[in-house]
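Q: Generate a structure from the sequence data that follows.
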Amino acid sequence: MVATRKSTGSLPTPKYQSLRECDEDDNGSDDDHQDPGSSTDPGRPQKRAKLQGSDSESDWSSDEHVYAPRQSKSPRNSAANEPVNKSIWYAGCMDKAIIGEKSKINYVPLKEKKKPTGRKGRNQGKLALLLTMPMDIFCEISGHMSPIDILHLARTSESLRDLLMSKKSRPIWRAAQQNLGLPDCPPDICEPQYARLLFEKECHACGAPRIHKEDYALRVRLCKGCMGLNVIRGTTLAKPYGTRVQKDLRIYRLVPYYRSDTCRHRDMVGDSERKALRYFKPDFEKALDIYLSLARNPASQEQFVKDREELLAKVHQHAVAIDSWFMNEANKRNQQHYASQCSRKESIEAKLRELGYGDADVNPPRAYLGHYSSEWHSLLYQPRELTPQIWKRIQPRLEAIILERREDTIKRDRQERSDARRREFLNYFNVYMQTYPPAGDAIFHPNYADILQASAINAIVSYDDWNRKLTPSIWKTFAPSLPALIKDHKARLEGVCAARLREALQNGQDAGHVHPEILTPVDSDALLRRATSFFSCKSCYHREPLAYPQMLNHHHFRFDPLPYAPTNAKPWSDEDLRCISDVLTIAKGLLVNLNMSPTTTMAHMESLGKCFTCKCCERESNIKMTWDTLVCAYHSAKLSTELISSGSPLPPRKEVFRHNSATRQCIIHHISE
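A: Here you go, the predicted structure:
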């Protein structure tokens with residue numbers, strides 16, 4: 001089990017400072033700006049209390065007064081050194097951000113402390129050379145780095161931190177920003193805070209890693225748990241101040257809103273929409289307290305709102321500029337990535353052509369790649385440049401894919417030509433069967449898949465000469481053999497059905513349910529023509545009795561070609577063919593009660609039409625039925641009776657034939673015309 005803060009019970013204490021405490025903390029010195037996200041050195045005087053994830057220890061982040069510039073402790077004569085008008089909420093009051101049980105840091109696995117091995121790393125001490133470097137050379141080198149690299153460099157030692165976290169190093173930070181083309185750092189936060197906001201992925205409140213929920217207008221990056229605790233709907237934040245304050249629409253124009261609630265590139269939103277938006281809680285409460293403190297001076301309050309609106313417009317424009325910069329950088333990376341992939345692909349194709357492979361092997365159509373598509377593309381489309389070592393490693397696999405693809409292409413072409421020949425054969429065969437006598441035995445006629453089972457015809461259809469078509473002259477060579485094949489197919493169907501029927505009769509004889517006359521030796525055709533010849537399908541749910549020979553056309557036995565796929569027909573199959581002795585017993589009993597011979601033919605019973613009625617059923621349900629329908633009805637009634645006697649629930653049937661104990665046996669009234 002992975003150990004986390006939540007599982008170990010060491011949850012961080014929620015941190016929250018009051019407005020008065022933060023005001024007292026803002027009276028510190030601004031000689032140097034603190035590294036955001038790092039702790040204060042023990043040997044240095046601590047200028048202000050810092051919380052985990054705080055970004056407010058900067059000389060650019062003070063709120064001694066909201067409007068008036070901060071008064072410097074030492075006089076400055078240069079106009080360039082005049083203090084800048086700042087607002088604490090503009091930089092994000094992370095001092096006052098709270099964390100709780102839902103913060104992501106509570107669910108991050110705790111890292112085990114590595115035991116010291118006594119061995120020094122090979123890179124240990126290499127940065128010590130930077131301290132011996134002349135200052136102008138060091139500044140020149142640092143100016144070519146990225147802001148996040150300078151921030152990481154400042155955290156390596158106390159000396160580098162003192163150097164890079166001072167105001168004198170501001171040209172280094174600005175040069176690093178210009179190298180990337182970043183928008184200028186806002187005047188109310190320092191460059192280290194700016195770099196941390198843009199490039200570091202830690203939660204500014206709890207310090208959890210890999211956080212991608214940022215808002216450049218609020219100047220915060222928070223995890224989902226901290227976002228829910230600190231970014232709240234405006235009406236909810238204003239509710240403790242009273243209904244009158246809550247309905248004042250001007251309070252929602254004092255601080256930036258969470259831009260993910262709206263389109264990130266919308267310039268501004270209306271007052272009615274702002275009430276439903278979310279705001280950073282410490283910023284909102286700070287600005288609202290100032291707004292309410294000016295309630296006795298309407299002119300100052302109105303000027304305060306006006307100044308805030310002007311500042312909000314600048315904040316939004318700067319946030320949109322940052323979003324655009326990240327989008328452009330992502331597009332550049334994608335273009336470079338794609339260019340590297342294309343360059344690698346062209347290099348690999350050139351290498352393969354040098355080995356003698358053609359265009360069909362090197363650059364095949366996507367439809368012909370088959371299951372090799374993913375592996376082929378993973379080898380070609382990579383951003384890494386093709387080196388001799390990489391080529392030596394991937395060459396055997398590429399050649400193996402080409403050879404396997406060639407074999408698949410040959411098989412596919414052969415299958416396509418075979419399907420074309422089958423379609424040609426099907427056209428000739430359909431024309432032939434339309435004129436084949438006798439027409440009454442059409443139910444016994446085979447489909448073209450049954451004919452293709454003959455070795456002579458299959459050899460002609462599957463010959464290796466791909467370019468050779470099935471011409472009328474070739475058709476005439478094996479057309480005379482079709483009558484014999486059709487006759488053999490009929491004999492095969494009769495033999496299979498007769499064997500299943502004799503097997504069911506034998507089972508019925510062993511149970512003592514079959515009339516002796518039925519077991520009289522007789523040929524297969526006469527046995528199948530009897531009125532007791534019923535079959536069933538194993539795959540069908542109800543397994544209703546199927547009369548012979550109509551059952552030969554059942555969709556689970558005969559697979560004729562479909563209109564949209566004429567070559568997908570299958571040979572006739574007896575895999576699901578069944579003959580149930582209970583059905584034969586029911587048919588025999590019905591014939592006996594009708595005073596008819598058990599050897600009566602199916603054709604005679606079908607000629608009677610709908611002239612049978614069940615006297616066991618209720619009068620209103622006494623409908624006239626055909627012979628096969630009558631057998632099916634009594635078979636269903638028998639199944640229902642067995643289920644009732646066994647206590648099992650009835651199956652979901654549309655029609656259930658009910659029989660009482662006195663009339664449970666077969667009583668049939670024969671209505672003669």
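Q: Strands along the stretch 301-450 of the chain, start to end?
A: Shown for the stretch 301-450 of the chain, no strands are assigned by DSSP state E, counting those that start in this stretch.
Q: Report the residue spans of it with pLDDT below the cut-off.
A: 366-371, 438-440 (pLDDT under 70).
Q: what are the ranges of the helices in it?
A: For the stretch 301-450 of the chain, the helices defined by DSSP state H, counting those that start in this stretch occupy 359-362, 373-380, 388-434, 448-451.
Q: mind checking which of those is nearest Met135?
A: Of all the helices of the stretch 301-450 of the chain, helix 388-434 sits nearest to Met135, with 42.6 Å by C-beta to C-beta. Yep, even glycine has a C-beta here, placed from its N, CA and C like the rest.
Q: returning to that earlier point: quick one: closest of the helices of the stretch 301-450 of the chain to Gln246.
A: Here helix 373-380 is closest among the helices of the stretch 301-450 of the chain (C-beta to C-beta), at 57.3 Å.
Q: Next, the contact list for Leu131, please.
A: Going by C-beta atoms under 8 Å, 6 or more residues apart in numbering, Leu131 touches Ser157, Ser159, Leu160.
Q: I should have written Tyr257 there, sorry.
A: Ala217, Gly234, Val269, Arg274, Leu277, Arg278, Tyr279.
Q: Apply 10 Å and report the result again.
A: Contacts for Tyr257 (C-beta atoms under 10 Å, 6 or more residues apart in numbering) come out as 215, 217-218, 231, 234, 268-269, 273-274, 276-280, 284, 312, 316.
Q: Then His337?
A: Counting by C-beta under 10 Å, 6+ apart, His337 has contacts Tyr381, Gln382, Pro383.
Q: before we move on, the earlier item: just say which of the helices of the stretch 301-450 of the chain is most tucked in.
A: helix 448-451 (a mean of 22; mean count of other C-beta atoms under 10 Å).
Q: Quick one: mean pLDDT over the following helix or strand past that one.
A: Of the helices and strands lying after helix 448-451 in sequence (DSSP states H and E), the nearest is helix 455-461. The average pLDDT within helix 455-461 is 70.
Q: if I look at the most centrally placed residue in the chain, how far off is Leu380?
A: When C-alpha atoms, centre = their mean is applied to the chain, the residue found nearest the centroid is Ser374 (17.9 Å). Going from Ser374 to Leu380 by C-beta to C-beta, to the nearest Å gives 11 Å.
Q: just Thr613 next, same as before
A: 77 Å.
Q: Now do the phi/psi pair for Lys570.
A: Torsion angles at Lys570 (phi, psi; degrees, to the nearest 10) stand at phi -120, psi 150.
Q: what pairs with it across the strands?
A: Phe559 (DSSP bridges).
Q: Do you have the strands of the stretch 501-650 of the chain handy? List them.
A: 534-537, 546-547, 577-578, 612-614.
Q: How about residues contacting the first one?
A: In this case it means strand 534-537. 497, 500-501, 504, 528, 542-552, 554-557, 574, 576-580, 583-584, 586-587, 602, 628, 631-632, 635.
Q: go with 7 Å
A: Contact with strand 534-537 is made by 497, 500, 543-548, 551, 554, 556, 576-580, 583-584, 587, 631, as judged by C-beta atoms under 7 Å, 6 or more residues apart in numbering.
Q: repeat for the third one
A: With contact meaning C-beta under 7 Å, 6+ apart, strand 577-578 is reached by Arg500, Phe535, Ser536, Cys537, Lys538, Phe557.
Q: now the helices: where do they sit in the stretch 451-600 of the chain?
A: According to DSSP H, counting those that start in this stretch, the helices that the stretch 451-600 of the chain contains are 455-461, 472-478, 482-511, 524-528, 581-593.
Q: my guess is Lys286 meets Asp95, correct?
A: No: counting by C-beta atoms under 7 Å, Lys286 stays clear of Asp95, with 10.6 Å between them.
Q: about what we covered before: any idea which of the contacts of strand 577-578 has the most stuff around it?
A: Phe535 (25 neighbours; other C-beta atoms under 10 Å).
Q: nearest spatial neighbour of Tyr372, skipping sequence neighbours?
A: Distances taken as C-beta to C-beta, 6 or more residues apart in numbering place Ile401 nearest to Tyr372, at 5.0 Å, with adjacent residues excluded.
Q: next one: Asp525
A: Distances taken as C-beta to C-beta, 6+ apart place Glu494 nearest to Asp525, at 6.2 Å, with adjacent residues excluded.
Q: before we move on, back to that, ranking the contacts of Leu131 by neighbours, who comes first?
A: Leu160 (19 neighbours).
Q: For the helix or strand that contains it, name the packing helices and strands.
A: According to DSSP H and E, Leu160 maps onto helix 158-164. Contact here means 3 or more C-beta pairs under 7 Å, 6 or more residues apart in numbering; DSSP states H and E; on that basis helix 158-164 packs against helix 147-154.
Q: burial count for Lys113?
A: 6.
Q: which SS state does it fall under?
A: coil (DSSP: H, G, I helix; E, B strand; the rest coil).
Q: What confidence value was assigned to it?
A: Lys113 is given a pLDDT of 71.
Q: ok, it to His152 distance?
A: Applying C-beta to C-beta to Lys113 and His152 gives a distance of 22 Å.
Q: just Ala176 next, same as before
A: Taken as C-beta to C-beta, the span from Ala176 to His152 is 12 Å.
Q: Tell me the pLDDT of Glu575.
A: Glu575 carries a pLDDT value of 81.
Q: what about the residue lying closest to Ser347 once chain neighbours are set aside, how many residues close to it?
A: Excluding its sequence neighbours, the residue lying closest to Ser347 (C-beta to C-beta, 6+ apart) is Leu386, at 4.2 Å. When neighbours are counted by other C-beta under 10 Å, Leu386 registers 18.
Q: Quick check: phi and psi at Leu386.
A: The phi/psi pair for Leu386 (degrees, to the nearest 10) is phi -70, psi 120.
Q: Run a quick check on it versus Ile348, I expect a contact.
A: Yes: the pair Leu386 / Ile348 is scored as a contact, 6.2 Å apart, by C-beta under 7 Å.
Q: if I look at the nearest residue to Leu379 once chain neighbours are set aside, how far off is Ile402?
A: Spatially, and ignoring its direct neighbours in sequence, Leu379 is nearest to Ile394 (5.1 Å; C-beta to C-beta, 6+ apart). Separation of Ile394 from Ile402 (C-beta to C-beta) stands at 12 Å.
Q: re the thing from before, please identify which of the contacts of strand 577-578 is nearest to Ala195.
A: The shortest approach to Ala195 among the contacts of strand 577-578 belongs to Lys538, at 74.1 Å (C-beta to C-beta).
Q: Can you give me the buried ones in stretch 353-370?
A: Neighbour-count burial for stretch 353-370, counted by 16 or more other C-beta atoms under 10 Å, picks out Tyr357, Asp361, Val362, Pro364, Leu369.
Q: Then stretch 330-350?
A: For stretch 330-350, burial by neighbour count (16+ other C-beta under 10 Å) applies to Gln341, Arg344, Lys345, Ser347, Ile348, Glu349.
Q: any idea which of the residues you listed is closest to Met327?
A: Nearest to Met327 among these, with distances taken as C-beta to C-beta, is Gln341, at 21.1 Å.
Q: contacting residues for that closest one?
A: Tyr381, Gln382, Pro383.
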